[in-house]
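A.B. asks: my questions concern the predicted model and sequence given below.
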Amino acid sequence: MSSINQIRVANPSEVNINNRTYIRVTSHLVLSAHLNAGNNLFGGLLVQWADECAGIFVMEILKTHHVVTKKISEVLFNEPAKLGDVLEFLCCVKAIGKSSITVECVCRAKQIDTEDRLRTILNCDLVFVKIDKFGRSTHHNFVLEES
């Protein structure tokens with residue numbers, strides 16, 4: 001009889017960090033084409049992935065693809081990402097406006113075969129605005145549930 005390790009996960013898309021619940025939106029594997037001359041992930045590519053991830057998060061909330069990035073606030077690169085790192089992108093809603101949603105994005109990295117810890121490599125806030133067919137901001141009617 002073989003022994004099988006069973007892992008039980010309550011909700012694999014929810015992650016609790018510092019008493020905030022984040023949703024795991026997407027993951028990326030760092031490949032050699034993503035590296036700069038110092039063998040670290042290009043920072044601009046990491047920000048692009050964070051923007052894409054947060055955009056998907058907002059589109060799913062608002063049930064529309066008619067959103068644009070208005071602002072990316074202070075981007076903190078905490079540690080470099082390396083070849084072979086698996087990156088997970090997490091998002092949570094920070095603030096709601098009439099046509100805007102502010103999202104906090106956290107990116108964590110892990111070397112699958114060499115370490116158990118997740119390293120937080122990026123933190124930033126992004127503001128998205130819902131737009132109409134003419135590209136003008138429009139109300140989204142989203143209300144944040146009180147917890």
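C.D. replies: Done, it's in.

A.B. asks: sketch out the low-pLDDT regions of this protein for me.
C.D. replies: Within the chain, the ranges that satisfy pLDDT under 70 run 1-12, 115, 146-147.

A.B. asks: my guess is residue 107 meets residue 118, correct?
C.D. replies: No: between residue 107 and residue 118 there is no contact, the gap being 10.0 Å when judged by CB atoms under 8 Å. No exception for glycine: its C-beta is placed from N, CA and C like everyone else's.

A.B. asks: between these two, what contacts are shared?
C.D. replies: With contacts defined as CB atoms under 8 Å, 6 or more residues apart in numbering, the residues shared by residue 107 and residue 118 are residue 88.

A.B. asks: can I get the helix or strand where residue 105 lies in CSV, CA atoms only?
C.D. replies: If you go by DSSP states H and E, residue 105 is part of strand 100-111. The C-alpha coordinates for strand 100-111 follow below in CSV (Å, rounded to 0.1, in the frame of the first residue of the first chain):
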residue,chain,number,x,y,z
SER,A,100,-12.8,54.1,-9.8
ILE,A,101,-11.5,51.1,-7.8
THR,A,102,-8.1,51.1,-6.0
VAL,A,103,-6.5,47.7,-5.8
GLU,A,104,-3.5,46.6,-3.7
CYS,A,105,-1.3,44.1,-5.6
VAL,A,106,1.3,41.9,-3.9
CYS,A,107,3.6,39.6,-5.8
ARG,A,108,5.2,36.7,-4.0
ALA,A,109,8.0,34.5,-5.4
LYS,A,110,9.0,30.9,-4.6
GLN,A,111,11.7,28.6,-5.9
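
A.B. asks: which strands and helices sit next to that strand?
C.D. replies: With contacts taken as 3 or more CB pairs under 8 Å, 6 or more residues apart in numbering; DSSP states H and E, strand 100-111 sits against strand 20-29, helix 43-62, strand 85-96, strand 119-130.

A.B. asks: quick one: which of these is nearest residue 76?
C.D. replies: Taking CB to CB, strand 119-130 is the member of the helices and strands packed on strand 100-111 nearest to residue 76, at 4.5 Å.

A.B. asks: tell me the strands beside that closest one, with direction?
C.D. replies: strand 67-72 (antiparallel), strand 76-77 (antiparallel), strand 100-111 (antiparallel) (DSSP bridges).
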